[in-house]
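A.B. asks: the sequence isn't on hand, but the structure is:
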Ligand SMILES: NC(=O)CC[C@H](N)C(=O)O
């Protein structure tokens, strides 16, 4: 699997995700500057990492969504190529219209940094195929604008088409309002585009890939991608 991690001014999780990919794929990911216009030849997976691109001015991800590289990212997605946006990357995907919905300020109006539990809602995608359906995993969040919002018609469609990837839950897998760190609609933590080749995900699987830092639940996502992609 050949992965390209896009670096925006203010990204801060690019090395974490590149390391998680290298561990799973046994080959390094390459970094691509947001001002470039082309992805490396033969890229299988594009990663938009977490961080504070453009200092979160205007709205998180709004300016990065207009970066020159995004044209190539959209073309890659339109060809069926895999794209994952994590946290700030999810915000960029939403602003670019590559996944449905938007990310609003956390209901608490506070930056939230802690581990959360997620229920895996869909395993019929390259990103999640090695999880068990309904599996409860633990990964960290670190964001101020992770409150996923879409109108009810869109939410019903996402649920009807199985495009909700992950939901915040309690440790037993129950979907309760209290288990969401940000007030997200229907506890949604991650969504696919219609063809499930693009995933927007608010928590950070790349920061839960080693026992020494608390667990390996996040590593399974990268191992799933390695299995699914050439
Ligand atoms: N960890 C991140 O990617 C943070 C995302 C964004 N800057 C926020 O605070 O909502």
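C.D. replies: Looks like it came in fine. Source: prediction; values computed, not measured.
A.B. asks: what is the closest residue in space to residue 169 that isn't next to it in sequence paired to in the beta sheet?
C.D. replies: Counting by C-beta to C-beta, 6 or more residues apart in numbering, residue 119 is the residue found nearest to residue 169 once chain neighbours are left out, at 4.3 Å. Glycine gets a C-beta too; all of them are placed from N, C-alpha and C. Listed beta-bridge partners, residue 119: residue 136, residue 167 (assigned using DSSP bridges).
A.B. asks: show me what contacts residue 119?
C.D. replies: By C-beta atoms under 8 Å, 6 or more residues apart in numbering, the residues touching residue 119 are 134, 135, 136, 166, 167, 169, 173, 175.
A.B. asks: quick one: it from the ligand, how far?
C.D. replies: Using C-beta to the nearest ligand atom, to the nearest Å, residue 119 is found at 21 Å from the ligand.
A.B. asks: what does residue 152 give?
C.D. replies: Here residue 152 is placed at a distance of 24 Å from the ligand (C-beta to the nearest ligand atom).
A.B. asks: now residue 204
C.D. replies: Relative to the ligand, and taking C-beta to the nearest ligand atom, residue 204 is found at 7 Å.
A.B. asks: just the element for the spatially closest residue to that residue that is not a sequence neighbour, please.
C.D. replies: Take residue 204 and drop its neighbours on the chain: the residue closest to it by C-beta to C-beta, 6+ apart is residue 140, 5.3 Å away. In this structure, residue 140 is located in strand 136-143 according to DSSP states H and E.
A.B. asks: all strands of this structure, in order?
C.D. replies: 3-7, 30-33, 45-48, 82-86, 102-104, 112-120, 136-143, 147-149, 164-169, 188-192, 198-201 (DSSP state E).
A.B. asks: let's have these in a markdown table, adding distance to residue 216 and mean pLDDT.
C.D. replies: Putting the strands of the chain into a markdown table (distance: least, C-beta to C-beta, whole Å; pLDDT from 0 to 100) gives the following:
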| stretch | distance to residue 216 | mean pLDDT |
| --- | --- | --- |
| strand 3-7 | 19 | 98 |
| strand 30-33 | 24 | 98 |
| strand 45-48 | 19 | 98 |
| strand 82-86 | 17 | 98 |
| strand 102-104 | 27 | 98 |
| strand 112-120 | 13 | 98 |
| strand 136-143 | 10 | 98 |
| strand 147-149 | 26 | 98 |
| strand 164-169 | 17 | 98 |
| strand 188-192 | 18 | 98 |
| strand 198-201 | 17 | 98 |
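A.B. asks: out of those strands, which is closest to residue 213?
C.D. replies: strand 136-143 (9.4 Å; C-beta to C-beta).
A.B. asks: tell me the contacts of the nearest residue in space to residue 230 that is not next to it in sequence?
C.D. replies: The shortest distance from residue 230 to any residue that is not its chain neighbour, by C-beta to C-beta, 6+ apart, is 6.0 Å, and that residue is residue 44. Shown in contact with residue 44 (C-beta under 8 Å, 6+ apart): 1, 2, 3, 81, 82, 229, 230.
A.B. asks: ok, residue 142 next?
C.D. replies: Remark: with contacts taken as C-beta under 8 Å, 6+ apart, residue 142 is in contact with 50, 87, 111, 112, 113, 204.
A.B. asks: cutoff 7 Å now
C.D. replies: Contacts were defined as C-beta atoms under 7 Å, 6 or more residues apart in numbering; by that measure residue 142 touches 113, 204.
A.B. asks: still on that earlier bit, so which of the strands of the chain gets nearest residue 21?
C.D. replies: Evaluated with C-beta to C-beta, the strands of the chain place strand 3-7 nearest to residue 21, the distance being 4.9 Å.
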